[in-house]
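>>> model this:
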Amino acid sequence: MPKLKRLLVSACFETAQRRRKCSRNKEHEISKGDKCLVIKENMEKNNYCMECASLILEKAREDLDGLIREVSKSEN
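Residues are numbered from 1 along each chain as shown. Sure thing, here's the model as predicted:
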């Protein structure tokens, strides 16, 4: 059986080893020692503060829920 395609990009939480800027809002600063969301996409790493990470994950949940609803409709 073929391997399943991964829908989600590589994402994880890291503890910042140095000061970083949030990739979504440059005014948000991620201080050394703060937890942040790191999303790796197309050989690029983007860092997000926890405030923006929460918004990103909520949007992803909404998108996935919409896709699941569509699959459920087509199965009926």
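
>>> point out where the chain drops to low pLDDT.
Within the chain, the ranges that satisfy pLDDT under 70 run 76.

>>> ok, which stretches of it are strands?
10-15, 20-21, 29-30, 35-41, 44-48 (DSSP state E).

>>> deepest in the core, which of the ones you listed is it.
strand 29-30 (a mean of 18; mean count of other CB atoms under 10 Å). All C-beta spots, glycine's among them, are computed from the backbone N, C-alpha and C.

>>> elements contacting that strand?
When contacts are defined as 3 or more CB pairs under 8 Å, 6 or more residues apart in numbering; DSSP states H and E, strand 29-30 sits against strand 20-21.

>>> list the neighbouring strands of the strand it packs on plus their orientation.
Sheet pairing of strand 20-21 (DSSP bridges) gives strand 29-30 (antiparallel).

>>> what does the strand it pairs with contact?
16, 19-22, 36, 47, 49 (CB atoms under 8 Å, 6 or more residues apart in numbering).

>>> how far away is Ala11 from Asn47?
11 Å (CB to CB, to the nearest Å).

>>> return every residue with contacts to both of those two.
In contact with both Ala11 and Asn47: 37-38, using CB under 8 Å, 6+ apart.

>>> coming back round to it: which one of the contacts of strand 29-30 is nearest Pro2?
Asn47 (33.7 Å; CB to CB).

>>> let me see the contact set for the closest one.
Asn47 sits in contact with 16, 20-23, 30, 36-38, where contact means CB under 8 Å, 6+ apart.
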